[in-house]
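*Asks:* Predicted model follows, preceded by the sequence.
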Amino acid sequence: MEDQKQTSFTFEIDNFSDKEAVISSPTFSSGGCKWYVKVYPKGDLVDDHLSLYLYVANPESLRLGWKRRASFSFALLNESGKELFRTVELSCILFCAQFSSWGLPKALPLKKLQEKGFLEKNKLRVKVEVKVVEVVDQGDVTGKETYDYNGFQVLYIKISSYH
């Protein structure tokens, strides 16, 4: 596959300090696929960190053989678009119908979010950069494809999304 262009998508969350429940971004396209971001203002699995996840849109509509390998990172911006914080890049992560989301439960401590600049006018600006590095869209799939999980080969059909 030829080199894919990196896609950037930025969205704002108004009244961020008042938010409790998970927030989903609008969808955007990268590598021939629709994606969206979920932001957990009070953390996911941990309650003292901002949690950020990248999701494939409508994973239930994907065929079993559909796969995208992507590298991605998140950034938090101030009102003028200056980057205040960037997560580590998650490289060559496999997304498929069974694993439709990946992310960071401990993206940033909530105490850090209260520092000057992060929540100007009580808005959080989140930027995600996605580069799809491999596209697989097979029609004839046996259901016997495996995923290497900590040295164990696990059938994709046996894996369910965590989020």
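*Replies:* Perfect, I can see it now.

*Asks:* Which parts of the chain are strands?
*Replies:* With DSSP state E, the ranges of strands along the chain come out as 7-13, 23-24, 28-30, 33-40, 49-56, 66-77, 83-86, 90-96, 101-109, 124-137, 146-149, 152-155.

*Asks:* counting contacts, what elements does the second one pack onto?
*Replies:* If contacts are counted by 3 or more C-beta pairs under 8 Å, 6 or more residues apart in numbering; DSSP states H and E, strand 23-24 sits against strand 33-40. In this view, the C-beta of every residue, glycine as well, is placed from N, C-alpha and C.

*Asks:* quick check: angle from the strand it packs on to strand 124-137?
*Replies:* 140 degrees (axes from the mean of the first three to the mean of the last three C-alpha atoms, to 10 degrees).

*Asks:* What strands flank strand 33-40, and is each parallel or antiparallel?
*Replies:* Next to strand 33-40 in the sheet, as set by DSSP bridges, lie strand 23-24 (antiparallel), strand 28-30 (antiparallel), strand 49-56 (antiparallel).

*Asks:* Enumerate every residue touching residue 102.
*Replies:* By C-beta atoms under 8 Å, 6 or more residues apart in numbering, the contact list for residue 102 reads 53, 54, 72, 90, 93, 95.

*Asks:* how about a cut-off of 6 Å?
*Replies:* By C-beta atoms under 6 Å, 6 or more residues apart in numbering, the contact set of residue 102 is residue 93.

*Asks:* roughly how far apart are it and residue 67?
*Replies:* According to C-beta to C-beta, to the nearest Å, residue 102 stands 13 Å off from residue 67.

*Asks:* out of the strands of the chain, deepest packed?
*Replies:* strand 49-56 (a mean of 23; mean count of other C-beta atoms under 10 Å).

*Asks:* Return the residues in contact with the closest residue to residue 60 other than its chain neighbours.
*Replies:* Spatial nearest neighbour of residue 60, excluding adjacent residues (C-beta to C-beta, 6 or more residues apart in numbering): residue 97 at 7.6 Å. With contact set as C-beta under 6 Å, 6+ apart, residue 97 has these partners: 59, 62, 66.

*Asks:* Quick check: residue 97 vs residue 71, distance?
*Replies:* Applying C-beta to C-beta, the value for residue 97 to residue 71 is 20 Å.

*Asks:* circling back: so for residue 126, which of the strands paired with strand 33-40 sits nearest?
*Replies:* Of all those, the one in closest proximity to residue 126, counting by C-beta to C-beta, is strand 49-56 (7.1 Å).

*Asks:* CA atoms of the closest one as PDB?
*Replies:* Provided in PDB are the C-alpha atoms of strand 49-56 (Å, rounded to 0.1, in the frame of the first residue of the first chain):
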ATOM      1  CA  HIS A  49      -7.300  11.200  34.500                       C
ATOM      2  CA  LEU A  50      -8.700  12.400  31.200                       C
ATOM      3  CA  SER A  51      -9.300   9.300  29.000                       C
ATOM      4  CA  LEU A  52      -9.100   9.500  25.200                       C
ATOM      5  CA  TYR A  53     -10.000   6.800  22.700                       C
ATOM      6  CA  LEU A  54     -10.200   6.500  18.900                       C
ATOM      7  CA  TYR A  55     -13.100   4.500  17.500                       C
ATOM      8  CA  VAL A  56     -14.100   3.100  14.200                       C
END
